[in-house]
Structure formats: structure tokens, C-alpha cells
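J.: Take a look and give me a structure for this.
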Amino acid sequence: NTYLFGNGAEPGDIRRSQTYTQAFGKLTYRAGRVTSSGSVLFTPTTSEGTLPAYNGAARDVITSSLAANAVNVGRGFKTQQLNTTGNVDITLTNSSFLSVRGGYFRDNYEDTGIPNTTNYLYQTSSVGLAGVPASVQGPIGTQNTPRALIVEHDTTTRGFVNADYNVAFNAGGAHTLKGGFGWQKTVNDANQAYPGGYVNVYWDSNFNFQGNRGRGIYGYYEVNNRGVQGETGADIYSLYVQDQWTVGNRLTLNLGLRTENETVPSFRDGVPAMKFGFRDKLAPRLGASYDVRGDGRFKIYGSWGRYFDWTKYELSRGSYGGDTWQVYYRALDTTDVGSLNLSNMPGADLWVVPGAARDRRVPNFESTDPDIKPMYQDSTSIGTEYQFGSNLSLGLHYVHNALSQTIEDIGAVDAAGNETYVIGNPGRGLAETQFPSGATPVGYRVPTPKRQYDALEVTLNRRFANNYFWSASYVFSRLYGNYSGLAATEEVNTPTTNV
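T.: Okay, the predicted model is just below:
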């Protein structure tokens, strides 16, 4: 990209190059009653050069200088993803077989080319201030180097095994019964930090928090110690059974039940964030298909199911000890702002409790609703298909998905200015009312989450005949509500953080 650095005074370019590699292999083996297969997919990616966002008032303009952006020329990242799967099917009898599936996934992200220089950023201007050398004077937004969270590693691994038994038999109709057991374990290991923290400089300003806390000769500054540290992981066990039952020659029923035992881990050894037992995650599935005339030309069908979601590790990282963020406030009595970092914080301590820091990521073990319930949504589907003549068919299909319950961190600011959260089900239990904070009044009810998707699909198909076929479809859909989820698509994250 082409830039005009230094508010348009310094033209320059930054180039980004990326390399994507993919390797895949698969092997299938069959002997007697046993059929097995395995596959491996390896997809490493490297990137060099980081393109900063334009933030000036004119085209191609960026406020920071050319020298401050020199680090972006070599700044990049590496990712390595490995995905392996295996499957073994054993035929037991003419009407039954055993199937075992397993796999292992590993994803790692790390930053490259970032120097260990502590960033400082001017939050107010120092231009024209008495006693400030010309080399240190600058407008709002002046910085010595781009602010960068260095990811030494962010590794996610997931292993799983599923084993199920399948049998066909007759009892009041034809049955195809399937039942099984599953296990999986996900582990996240992360080490992310800003080198020496990062510094915000408030020239010629007082530190105001619960009143005027004071200042130094040149104002005040803050040093932020922020990152993600630690390793965590937990198991999920599942049980499931499903029966496809054909009654007569027109009606087919699909009846199923799935349940899980899930432990949501924290980044504190031996202390889980929450647990959900088999009784908490009972998920029935019901479906039916009916051949109206018995000739296969006119069919109506419908289904309903409850689907529980696994709790994302983003919650464990953000609310149970993974994310750290302490802020130190000091009087600014020096103009050597490039020397300020976590190891060098001269000046009077301006925080409410001297010797302490503002903790903006307090773990939420004590504020988790003891009666918290798992996240789930219900899905309903109905449709019909009718065949005209020998080749043409018309279909109508309606889908309704509704989020019924979720888990969220409901935030507020306490009297010390720290962020506090209640972890629960919005609109229920401890999360029924919002903690009074700022302009939020006492007794304000937390809205219950709503995310509803409705879609109607019309299809028209001509089967292959006389050397041609065609199909057409139209979908009219609507997604609306007040809840998108723990992770938002507009947030720019590293590839592995949404685990």
C-alpha cells in the first residue's frame, strides 16, 4: 500500500506478502469384515509485512511518521494447522456393524518480526509545552513504534473419539438403530504480552478518578500490563441414540436423544469455571416423513430438535484468569517518555490505592451464577415435495431457528473503577437485573437474548432426461434479534483466538 506518513509529509510504501501451503494424504484399507481409512491435512501459512490503517483527514494519509512504521515492513505471523482423522468400520452380522472414528487437530499462531520496544502513545498534544524538548513535542497520536501485542504462541489442540453400534431389525416396522459414546478434549495454551507493557502519555493533564488525584510537572502517564497467559483444557463426554423407524410403506419416523457431560475449564489450576452434567444437556430430536399417496410422488416432512452449544474458550480466557490487564498511573516528571515501561515507572503513584494497580480483568469465580444453564437453540423444519409428470418436481421448505438460552458476561464498573462481570444466563438468575453503574439505574432488567432465523425455500427441479437437466430455487429469509454471540464478526482477531 502507498502511504503519506507524518500527516502527509512523508510518502512511502509498505508491502505485504503471504504464502499458503497445503498438503493432504489419505489411505483406505479393507480386509474381510474390516474397512478403515485415515487422512492428514497440513496447512501452514506465513505472512510478512503489516499494513496499518489510514487515519488521516485526506486520502492515503496516516498520522504516524515513516520511522515509526518501519517495524511494519518486517512484521508478520505464522500459523500451522494439522488435521488428522481416522475411521474403522467392523461388520458384525448381516444387519449390524460397529464404527469407531477419531481425530486430532492442532492450530498454532505466532507473531514474527516485532521488536521488543515498549510503545508510547500521546493521548494529548505536547506541542508548545514549556520545558518539553522539540524532539519530544508532537500532536495527539504521536508514537515511537506501532503498538503490538506479541503472540509468542497461541496453540489449540483437540482430540476426539466416537464409537457407535448400528443394527437393523423389524419390530412393528423396520428399524435402523444407532447408539454410541463420544469423547473429546480441547486444550488452549497461550502466551501473549505487550513488550514492557504499553504507555499512554497525557501531557499537561491531571489524573481525575474519583476526584483529582494529581499530576506531575508535565502531566501524567499510565503503563498497561495486558496479555493472555496460561494453559487450560477439559473433557466433554457424549451419549446418543437414534432410531429410523419405517411404519408401513408411507410413514418414516426419526427419533433421537443426545446428551453431554461438559466441564468448562478456567486458567487457574484445579478450579473449573463451570460444569454441566448429562441431565443438563438432554437434547431430543424428532422427525417424520409421510408419503401421502404411497407412490413416492407427494411427500410431506417435518422435524424438531434441540441443540446445545459447547461453551467457547473465549469465555474461559476473558473471565476466568486467562486475560490479564493491570493499569499503573504515575505522575509525569520526565520528558524521556521512551524509557517508560513496566520495569521503569518513575513519579508519584496516583492510583486510589498506592502500591496497587487498577485491575481490569478480575476473574469471575465468585460472580458466576451457581444455577447457570447451558446455551441451546431449538430448530423446526417442515416441507413438502410434489412430482409433476415423470421429470419435474416442486418443493417448499420452511426453517425456524430460535436461540432459547445463552451464557454471557454482563459487565459493570465498580466503585474502584474496575470492570466487574456476572457470568450467567441473561434475563435469568443473577443476570436478571443489571448491576447499577454509571447511567444504568437500580433494578434495570437485563434483556433476554433473542436470535431468530426464518427461511422459506422454493425449489423447482427437472431431472436428467433427453440429455439435459435444470434446477431453480429461491430463498426468502430473515435473521433478527438482539444477540450475536460471544465473538463478533466485525472484531479483528488473530486466527486462533476464537476457540
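
J.: Would you double-check that residue 6 falls in a helix?
T.: Yes - counting by DSSP: H, G, I helix; E, B strand; the rest coil, residue 6 falls inside a helix.

J.: Now do it: how many residues are near it, please.
T.: Per other C-beta atoms under 10 Å, the neighbour tally for residue 6 reads 19. For the C-beta atoms, the positions are set from N, CA and C on the backbone; glycine is no exception.

J.: which one is it nearest to, not counting chain neighbours?
T.: residue 65 (4.6 Å; C-beta to C-beta, 6 or more residues apart in numbering).

J.: Next, that neighbour: secondary structure please.
T.: coil.

J.: Check residue 314 too.
T.: State at residue 314, reduced to three classes by three-state DSSP: helix.

J.: now the end-to-end length of stretch 340-350.
T.: 16 Å (C-alpha to C-alpha, to the nearest Å).

J.: where along the stretch 201-350 of the chain do the helices fall?
T.: Secondary structure of the stretch 201-350 of the chain (DSSP state H, counting those that start in this stretch): helices located at 313-319.

J.: residue boundaries of the strands in it?
T.: 207-208, 212-214, 219-247, 251-264, 274-276, 283-291, 298-308, 323-332 (DSSP state E, counting those that start in this stretch).

J.: Figure out which of those is closest to residue 25.
T.: strand 219-247 (27.7 Å; C-beta to C-beta).

J.: That closest one versus strand 323-332: what angle between them?
T.: For strand 219-247 against strand 323-332, the angle by axes from the mean of the first three to the mean of the last three C-alpha atoms, to 10 degrees is 170 degrees.

J.: so residue 387 makes contact with residue 292?
T.: No - the criterion here is C-beta atoms under 8 Å, and residue 387 misses it with residue 292 at 11.4 Å.

J.: As JSON lines, the strands of the stretch 201-350 of the chain with distance to residue 395, mean pLDDT and mean neighbour count would be great.
T.: Shown next, in JSON lines, are these (distance: least, C-beta to C-beta, whole Å; pLDDT from 0 to 100; neighbours: other C-beta atoms under 10 Å):
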{"stretch": "strand 207-208", "distance to residue 395": "65", "mean pLDDT": "93", "mean neighbour count": "17"}
{"stretch": "strand 212-214", "distance to residue 395": "69", "mean pLDDT": "85", "mean neighbour count": "14"}
{"stretch": "strand 219-247", "distance to residue 395": "21", "mean pLDDT": "96", "mean neighbour count": "18"}
{"stretch": "strand 251-264", "distance to residue 395": "17", "mean pLDDT": "96", "mean neighbour count": "18"}
{"stretch": "strand 274-276", "distance to residue 395": "38", "mean pLDDT": "95", "mean neighbour count": "18"}
{"stretch": "strand 283-291", "distance to residue 395": "13", "mean pLDDT": "97", "mean neighbour count": "16"}
{"stretch": "strand 298-308", "distance to residue 395": "9", "mean pLDDT": "97", "mean neighbour count": "16"}
{"stretch": "strand 323-332", "distance to residue 395": "48", "mean pLDDT": "94", "mean neighbour count": "20"}
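
J.: Columns distance to residue 450 on top of those strands, output as a markdown table?
T.: Output for the strands of the stretch 201-350 of the chain, formatted as a markdown table (distance: least, C-beta to C-beta, whole Å):
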| stretch | distance to residue 450 |
| --- | --- |
| strand 207-208 | 39 |
| strand 212-214 | 42 |
| strand 219-247 | 27 |
| strand 251-264 | 24 |
| strand 274-276 | 23 |
| strand 283-291 | 21 |
| strand 298-308 | 17 |
| strand 323-332 | 28 |
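
J.: returning to what we had before: the residue nearest to residue 6: what's it in contact with?
T.: 5-6, 10 (C-beta atoms under 8 Å, 6 or more residues apart in numbering).

J.: any idea how far residue 45 lies from residue 76?
T.: 10 Å (C-beta to C-beta, to the nearest Å).

J.: more neighbours, these two?
T.: residue 76 (19 against 16).

J.: quick one: the more buried one and residue 110 touch, right?
T.: No - using C-beta under 8 Å, residue 76 is not in contact with residue 110; the gap is 10.0 Å.

J.: how much space between residue 47 and residue 17?
T.: 7 Å.

J.: Comparing those two, which residue is more hemmed in?
T.: The neighbour count for residue 47 versus residue 17, taken as other C-beta under 10 Å, is higher for residue 47 (18 against 9).

J.: Is it correct that that one falls within a strand?
T.: Yes - under three-state DSSP, residue 47 falls within a strand.

J.: Given the lowest-mean-pLDDT helix or strand in the chain, what are its sheet partners and their directions?
T.: Within the chain, no helix or strand scores below strand 408-413, which has a mean of 83 by mean pLDDT, DSSP states H and E. Using DSSP bridges, the strands paired with strand 408-413 in its sheet are strand 419-424 (antiparallel).
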